[in-house]
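Engineer: Dropping the sequence and predicted coords here.
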Amino acid sequence: MWFQTEIQIAPKARGFHLITAEVERQLPGLQKVDIGWMQLFIQHTSASLTINENADPTVRGDMERHFNEFVPERAPYYAHDYEGDDDMPAHIKSSVLGASIMVPITEGRLNLGIWQGIYLGEHRNHGGVRRLIATVNGR
Amino acid sequence: MWFQTEIQIAPKARGFHLITAEVERQLPGLQKVDIGWMQLFIQHTSASLTINENADPTVRGDMERHFNEFVPERAPYYAHDYEGDDDMPAHIKSSVLGASIMVPITEGRLNLGIWQGIYLGEHRNHGGVRRLIATVNGR
Amino acid sequence: MWFQTEIQIAPKARGFHLITAEVERQLPGLQKVDIGWMQLFIQHTSASLTINENADPTVRGDMERHFNEFVPERAPYYAHDYEGDDDMPAHIKSSVLGASIMVPITEGRLNLGIWQGIYLGEHRNHGGVRRLIATVNGR
């Protein structure tokens, strides 16, 4: 069993956002899969996908503050700054965090741990709509 | 061919641990797969999975020392510290390193490079048992 | 449909290199896949694979400069330095960036975003030939 769909995420503020429910809502075939995988792939190089704590919004805030500290704007060694101070840091964050996640499917649902959720990392100040490709394979 | 199993890893000290042999031992169906993949997914947000050097324990020690330096405890900007100084750094490390790895299978075995092994990163001081979901697909 | 092939990448200078075209050239079966995935896995622990901006070479230069700053050589806490100053930093970079990427396939082509390309991160000064395992599955 294979299915694939494009998911559009409405523009979000810079920072980390929990999108688990929004993704699940757009994957109606999931419950037919007994064993499998769902991959979520973001088609952009200045936003990212990662899995982290799903309950406390301070984790998302601390993630944003940490990455802003450790991938600074206006580093003296950046040559790529055509689109503003958030341009190159957004590219670096996207590679450190990654462009895709893959979650096992078990008995018709994403087999995330009880505290795990899917984060969209928006690393631009004005990122616009983000396109994700969700692909499910299983039996 | 699909199979999926839960692997429980007994509590480990904070740091990086080589778990390749332990994982392979719990995947008896692997040798039937000619071409495929094995995904290992950790159901926690304060531990991680990564692939690195399998021979010299100083690499694991240096990884732990590096990540403690670059994802510091008690950063002034952390709001999420309810469970102690190791709480938020563990969440950040889990996203930087990742919650899953995927290894190609070739002729019945994990097709890792000769120097590659699977690391569990335990980022809490007292992390407890860690649950992994191993999923294999192939033909 | 499954296929798997080993791709050898000729020695490259330390830094980030765009290898999308080279990978696609070595995956002739791709156009038969309507929905699926391609995984690229690097069998080394001092080089990495990541997805980032495919147009402007300054992004690759800035990535190299950033990672050299944030994963320094000769950190006082490194014990693993047998192969030179670039030894342990290369291992750390390989885990931060990752040993594999997975790209959805849609209607016979890698469904990358318009600005996305596949980067090989060469983290050693003299890394030699790098072996990748490309695995494709789909229908």
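Structural biologist: Happy to help now that I have it. Not measured: the values here are computed from a predicted model. Numbers count the residues shown, from 1 in each chain, chains lettered A, B, ... in the order given.
Engineer: need the residues of chain A near chain C, please.
Structural biologist: Within reach of chain C by Cβ under 8 Å from any Cβ of the partner chain, chain A has these residues: A:2-4, A:39, A:41-45, A:70-71, A:75, A:77-80, A:88, A:91-92, A:94-96, A:98-100, A:102, A:131, A:133, A:135, A:137. Yep, even glycine has a C-beta here, placed from its N, CA and C like the rest.
Engineer: So which residues of chain A form strands?
Structural biologist: Taking DSSP state E as the test, the strands found in chain A are A:2-9, A:15-18, A:35-42, A:47-53, A:100-106, A:109-110, A:116-122, A:130-138.
Engineer: ok, A:Tyr77 - contacts?
Structural biologist: By Cβ atoms under 8 Å, 6 or more residues apart in numbering or on different chains, the residues touching A:Tyr77 are C:Asp62, C:Arg65, C:His66, C:Glu69.
Engineer: let's see 6 Å
Structural biologist: C:Arg65 (Cβ atoms under 6 Å, 6 or more residues apart in numbering or on different chains).
Engineer: Would you mind checking the residues of chain A next to chain C for buried ones?
Structural biologist: Among these, those buried by neighbour count (16 or more other Cβ atoms under 10 Å in any protein chain shown) are A:2-4, A:39, A:41-45, A:70-71, A:75, A:78, A:80, A:88, A:91-92, A:94-96, A:98-100, A:102, A:133, A:135, A:137.
Engineer: Relative to chain C, how far out is the closest residue to A:Arg130 other than its chain neighbours?
Structural biologist: Nearest-residue entry for A:Arg130: A:Ile9, 4.5 Å, with adjacent residues in sequence omitted and distances by Cβ to Cβ, 6 or more residues apart in numbering or on different chains. Per Cβ to the nearest Cβ, to the nearest Å, A:Ile9 is found 13 Å from chain C.
Engineer: Correct me if wrong: A:Ile9 contacts A:Gly128.
Structural biologist: No. Contact status for A:Ile9 versus A:Gly128: not in contact, 9.9 Å apart, counting by Cβ atoms under 6 Å.
Engineer: Look at those two and report which has more neighbours.
Structural biologist: Between A:Ile9 and A:Gly128, counting by other Cβ atoms under 10 Å in any protein chain shown, A:Ile9 is the more crowded of the two (19 against 13).
Engineer: Let me know the pLDDT of the more buried one.
Structural biologist: The model reports A:Ile9 with a pLDDT of 97.
Engineer: what do you get for A:His91?
Structural biologist: pLDDT for A:His91: 98.
Engineer: do the same with A:Asn137
Structural biologist: Value for A:Asn137, per-residue pLDDT: 97.
Engineer: I'd guessed it sits against A:Phe3; true?
Structural biologist: No. Using Cβ under 6 Å, A:Asn137 makes no contact with A:Phe3, being 8.4 Å away.
Engineer: For chain A, what lies in contact range of chain B?
Structural biologist: Residues of chain A lying close to chain B (Cβ under 6 Å from any Cβ of the partner chain) are A:35, A:50-53, A:58-59, A:61-62, A:65-66, A:96, A:102, A:104, A:111, A:113, A:115-116, A:139.
Engineer: what about the residue in chain A positioned nearest to chain C, distance to C:Ile114?
Structural biologist: Among the residues of chain A, A:Gln43 lies closest to chain C, at 3.0 Å counting by Cβ to the nearest Cβ. For A:Gln43, the distance to C:Ile114 (Cβ to Cβ, to the nearest Å) stands at 8 Å.
Engineer: Any chance of the backbone angles for the nearest residue to A:Pro89 once chain neighbours are set aside?
Structural biologist: Nearest residue to A:Pro89 in three dimensions, chain neighbours excluded: A:Val71, at 4.7 Å (Cβ to Cβ, 6+ apart). Here is the backbone geometry of A:Val71 (degrees, to the nearest 10): phi -130, psi 80.
Engineer: ok, A:Val71 touching A:Lys93?
Structural biologist: Yes. Using Cβ under 6 Å, A:Val71 is in contact with A:Lys93, at 5.4 Å.
Engineer: which neighbours do A:Gln43 and C:Ile114 share?
Structural biologist: Common neighbours of A:Gln43 and C:Ile114 (Cβ under 6 Å, 6+ apart) do not exist.
Engineer: which residues sit in contact with the residue nearest in space to the middle of chain A?
Structural biologist: Closest residue to the average C-alpha location of chain A: A:Leu49 at 2.1 Å, with Cα atoms, centre = their mean. By Cβ under 6 Å, 6+ apart, the contact set of A:Leu49 is A:Leu40, A:Ile42, A:Ile101.
Engineer: From these, pick the one nearest chain B.
Structural biologist: A:Ile101 (7.4 Å).
Engineer: Who does the residue nearest to that closest one when sequence neighbours are not counted form a beta bridge with?
Structural biologist: Excluding the flanking residues, the one nearest A:Ile101 by Cβ to Cβ, 6+ apart is A:Leu49, at 4.8 Å. Note on A:Leu49: beta-bridge partners by DSSP bridges are A:Leu120.
Engineer: Phi, psi for whichever residue of chain A sits closest to chain B please.
Structural biologist: Per Cβ to the nearest Cβ, A:Gly113 is where chain A lies closest to chain B, at 3.0 Å. Dihedral pair for A:Gly113: phi -60, psi 160, per degrees, to the nearest 10.
Engineer: That one - nearest residue in space that isn't next to it in sequence?
Structural biologist: In space, and not counting its chain neighbours, A:Gly113 is closest to B:Gln43: 3.0 Å by Cβ to Cβ, 6+ apart.
Engineer: The one you found against A:Ile114, yeah?
Structural biologist: No. Using Cβ under 6 Å as the test, B:Gln43 is too far from A:Ile114 to be in contact (7.7 Å).
Engineer: Which helix runs longest in chain A?
Structural biologist: helix A:57-70 (DSSP state H).
Engineer: In it, which residues are buried?
Structural biologist: Residues A:Val59, A:Arg60, A:Gly61, A:Asp62, A:Met63, A:Glu64, A:Arg65, A:His66, A:Phe67, A:Asn68, A:Phe70 are the ones in helix A:57-70 that count as buried (16+ other Cβ under 10 Å).
Engineer: So what's the residue count around the residue lying closest to the first one once chain neighbours are set aside?
Structural biologist: Meaning A:Val59. Counting by Cβ to Cβ, 6+ apart, A:Glu53 is the residue found nearest to A:Val59 once chain neighbours are left out, at 4.3 Å. For A:Glu53, the number of neighbouring residues by other Cβ under 10 Å comes to 27.
Engineer: measure A:Glu53 to B:His80 for me?
Structural biologist: Going from A:Glu53 to B:His80 by Cβ to Cβ gives 8 Å.
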